[in-house]
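Participant: Need coordinates for the below:
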Amino acid sequence: MAKLYFYYASMNAGKSSHLLQADFNYRERGMSTMLWTAALDSRSAGMVRSRIGLESEAHRFSPQTDLWAEVSAVHAGGKLDCVLVDEAQFLTPEQVWQLARLADEGGIPVLCYGLRTDFQGELFPGSAVLLGIADALVELKAVCHCGRKATMNLRVDESGAAVRQGQQTEIGGNDRYVALCRKHFSQALGG
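Facilitator: The predicted structure follows:
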């Protein structure tokens, strides 16, 4: 039976490299995969890229993308063995349910990778639904500067000062976000 998986972590935990390794494992065995990433992330330009230099082309989803229809059309033309989704926090709740349907009715394993929470410790809508309905939840580990497990994403400005307010989504990497344990996240925000 195919399952819906959610691999989640803070920034810099290796989510994209883990996705690319899973994709490689399927393809190495002669299996067919389909990769997706968020169109919102203009840095990706239709690629899943990891900080360690791995990358692969991917389809881009926006809030309007019907993942059930798009993937089913490809699956009808030739069997898909796995669907892998990077930046899954940007999925809409409806898209998460479409991915669940692909696993349940289409028989295709779906592996989603994304952030659990934003820079204020709030769940992303896509992540909230994945946490609620995924068959398997897997936490990938990042490390805070103190050595503890990093679970939070601190947004910083150009001078490195903590940002406390703003839109939930602001694309950026190490220049805009720091992965911290909850203790150091709270301290950075003055809590």
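Participant: So which elements touch the helix or strand of the chain with the lowest mean pLDDT?
Facilitator: Least confident helix or strand of the chain, by mean pLDDT, DSSP states H and E, is strand 47-49 with a mean of 76. Applying 3 or more CB pairs under 8 Å, 6 or more residues apart in numbering; DSSP states H and E, we find strand 47-49 packed against helix 15-28, strand 33-38, strand 55-57. Glycine gets a C-beta too; all of them are placed from N, C-alpha and C.
Participant: Can you convert the ones you listed into CSV and add a column each for mean pLDDT and distance to residue 157?
Facilitator: As requested, these are exported to CSV (pLDDT from 0 to 100; distance: least, CB to CB, whole Å):
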stretch, mean pLDDT, distance to residue 157
helix 15-28, 95, 24
strand 33-38, 95, 23
strand 55-57, 81, 29
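Participant: right, so the ones you listed: which one is the most enclosed?
Facilitator: strand 33-38 (a mean of 23; mean count of other CB atoms under 10 Å).
Participant: For stretch 153-162, which outside residues touch it?
Facilitator: Stretch 153-162 has contacts (CB atoms under 8 Å, 6 or more residues apart in numbering) with 10-11, 115, 117-119, 163, 166, 170, 172, 176-180, 185, 188-190.
Participant: Are any of these buried, and if so which?
Facilitator: By neighbour count, with 16 or more other CB atoms under 10 Å, these hold 10-11, 115, 117-119, 163, 176-180, 185, 188-189 as buried.
Participant: and the least confident helix or strand of the chain, which strands flank it?
Facilitator: Taking DSSP bridges as the criterion, strand 47-49 forms sheet pairs with strand 55-57 (antiparallel).
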